[in-house]
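Visitor: pasting the structure only:
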Ligand SMILES: C[S@@+](CC[C@H](N)C(=O)[O-])C[C@H]1O[C@@H](n2cnc3c(N)ncnc32)[C@H](O)[C@@H]1O
């Protein structure tokens, strides 16, 4: 991406001063690093102490632990921040949830922090919000846009998936990019639009950009051709050991809830069996499973319930070839779960990212499921921070 004649640092030299709200395991911070924006994260905020352990383990700084709702305008002013990055809870807007929007208690801290903007002596110049698809039709979205308009922000919104960036991973998400006037976007013709294409980030011209949901089968088929195969993201490429009904791992349990021990998950002799899908689950839930192969160019979104439930929580990997047609052949596929490292790879987290030893397998999947795609957020942040000359 060419950005030489565009400024993406303050005064050409000073780093932008950034606050990271709902920091989780630091997906936003990794995105900022990947975007090569001249920026410094002044503080991160999260209420979850395990997420904060992981963040501290990787960035050497423990986020401010507490409820974002209790922050005051004076607290925020103290940071003299230029940019706020926010990835608030998505449960109020998910299809699986009750879709209570702003009436859901989990939405209140987000609205509260936005409502502080006019009370700060130094309102942010840049704002970036990540959430699930569905947020854009919620009343929280309406309130957010109203606050941004009143406070002189210009916005561009996107719904994008890693598949649109060559990553074999379907995780469509909503993004709002906002700049306070007189700052402007590089492609100002998209102000106040919701785009389903990464065109402006890739310097595409107006004619090649899909403004609305031109998400035809042809469009997605074309994208898949340019995606890397899943095998490029795997840490463990061999077939699953002990893939038979006698494996000690195979619990006698056919409920959809997968009840397994959370224990330590080092690369020990149990490594492969730890990730094997029990044959009882394959028998009972095989038809509802999303099964992919190492050569596949697409897998489904990993949610925070991956490894606990099999239906709709993320793809399972076939480690042996088969026909995918009937249940008995499904068992021959020797299915396994993607490992947390592999999920992190599909989220484009750097190889240096690690979990502290004490974080259980379930917690790892939950934290990753709540996180974001660095492969999508990094180009969005680069676009946000780039100033036309
Ligand atoms: C969707 S996740 C964001 C994850 C993050 N972007 C990442 O890369 O891991 C939402 C995060 O907000 C935190 N959270 C939710 N409500 C909060 C609140 N009121 N105050 C502080 N943190 C909160 C949760 O603990 C969770 O880590």
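Guide: Structure's in. What do you need? Computed from a predicted structure; not experimentally measured.
Visitor: quick one: residue 193 and residue 157 touch, right?
Guide: Yes: here residue 193 lies in contact with residue 157, judged by CB atoms under 8 Å, at a distance of 7.1 Å. Backbone N, C-alpha and C define where each C-beta goes, glycine included.
Visitor: who has more neighbours, these two?
Guide: Taking residue 193 and residue 157 together and counting by other CB atoms under 10 Å, residue 157 has the greater number of neighbours (20 against 15).
Visitor: what is the burial count for residue 131?
Guide: For residue 131, using other CB under 10 Å, the count is 25.
Visitor: what's the first helix or strand after whichever strand or helix holds it?
Guide: Element membership for residue 131, per DSSP states H and E: strand 126-132. Proceeding C-terminally, strand 126-132 gives way to helix 139-150 as the next helix or strand, assigned by DSSP H and E.
Visitor: can you list the neighbours in contact with the helix or strand just after that next one?
Guide: Beyond helix 139-150 on the C-terminal side, the first helix or strand identified by DSSP H and E is strand 153-160. Surrounding strand 153-160, the residues in contact under the criterion CB atoms under 8 Å, 6 or more residues apart in numbering are 127, 133, 136, 145, 148, 172-181, 183-185, 187, 190-198, 200, 376, 380.
Visitor: for residue 378, give its distance to residue 33.
Guide: With distances defined as CB to CB, to the nearest Å, the gap from residue 378 to residue 33 amounts to 8 Å.
Visitor: likewise residue 161?
Guide: Applying CB to CB to residue 161 and residue 33 gives a distance of 22 Å.
Visitor: who has more neighbours out of those two?
Guide: In this view residue 161 and residue 33 are compared by other CB under 10 Å, and residue 161 has more residues nearby, 23 against 17.
Visitor: how about the secondary structure of residue 19?
Guide: Each residue gets one of three states, and residue 19 gets strand by DSSP: H, G, I helix; E, B strand; the rest coil.
Visitor: beta partners of it?
Guide: For residue 19, the beta-bridge assignment (DSSP bridges) gives partners residue 43, residue 84.
Visitor: tell me the phi and psi of the closest residue in space to residue 317 that isn't next to it in sequence?
Guide: Spatially, and ignoring its direct neighbours in sequence, residue 317 is nearest to residue 336 (5.4 Å; CB to CB, 6 or more residues apart in numbering). Summarising the backbone geometry of residue 336 under the convention degrees, to the nearest 10, its torsions are phi -140, psi 160.
Visitor: residue 336 touches residue 277, doesn't it?
Guide: Yes: under the criterion of CB under 8 Å, residue 336 lies in contact with residue 277, with a separation of 6.1 Å.
Visitor: spit out the residues that contact these two alike.
Guide: Contacts common to residue 336 and residue 277, judged by CB under 8 Å, 6+ apart, are residue 316.
Visitor: who's more crowded, the two?
Guide: Relative neighbour count places residue 277 above the other of residue 336 and residue 277, with 28 against 20, counting by other CB under 10 Å.
Visitor: list the contacts for residue 42?
Guide: Applying CB under 8 Å, 6+ apart, one finds that residue 42 lies in contact with 17, 18, 19, 79, 81.
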